[in-house]
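Novice: just need the structure, nothing else, for what follows:
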Amino acid sequence: MQTMETRRDPGIAAVLSFFVTGLGQIYNGQIGKGILFMAVQFVNVLLCFVLIGLITFPLMWIYGIYDAHQTATEAGRREEVVA
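Specialist: Residues are numbered from 1 along each chain as shown. Predicted coordinates:
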């Protein structure tokens, strides 16, 4: 019996990560990774008080959006190959 994974939309994953870093990863089924991204962003918010967070926060935010989109895209490609 073959299990059917739910296809994840890369656009939705990217938009979710746009609003909350890590939410797109959770949407993609990568719960641990999403929680880690959220924790890193929390630390980055705290680092804003010593100015380094002004650099690290947007970098992590943009990477989170990119990663969520790429993960959903790759999962879609794997589904096409299996099907």
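Novice: ok, longest helix in this structure?
Specialist: Counting by DSSP state H, the longest helix found in the chain is helix 53-82.
Novice: quick one: average pLDDT of it?
Specialist: The pLDDT scores in helix 53-82 average 90.
Novice: pull out the buried positions in it.
Specialist: The neighbour-count check on helix 53-82 (16 or more other C-beta atoms under 10 Å) flags 53, 56-57, 60-61, 64-65, 67-69, 71-73, 75 as buried. C-beta coordinates here come from the backbone N, C-alpha and C atoms, glycine included.
Novice: any chance of these in CSV, with distance to N28 too?
Specialist: Shown next, in CSV, are those (distance: C-beta to C-beta, whole Å):
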residue, distance to N28
G53, 26
T56, 23
F57, 22
M60, 17
W61, 17
G64, 11
I65, 12
D67, 9
A68, 6
H69, 10
T71, 5
A72, 5
T73, 10
A75, 7
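Novice: these two touch, right, Q25 and A14?
Specialist: No: using C-beta atoms under 8 Å, Q25 is not in contact with A14; the gap is 11.0 Å.
Novice: lovely, talk soon.
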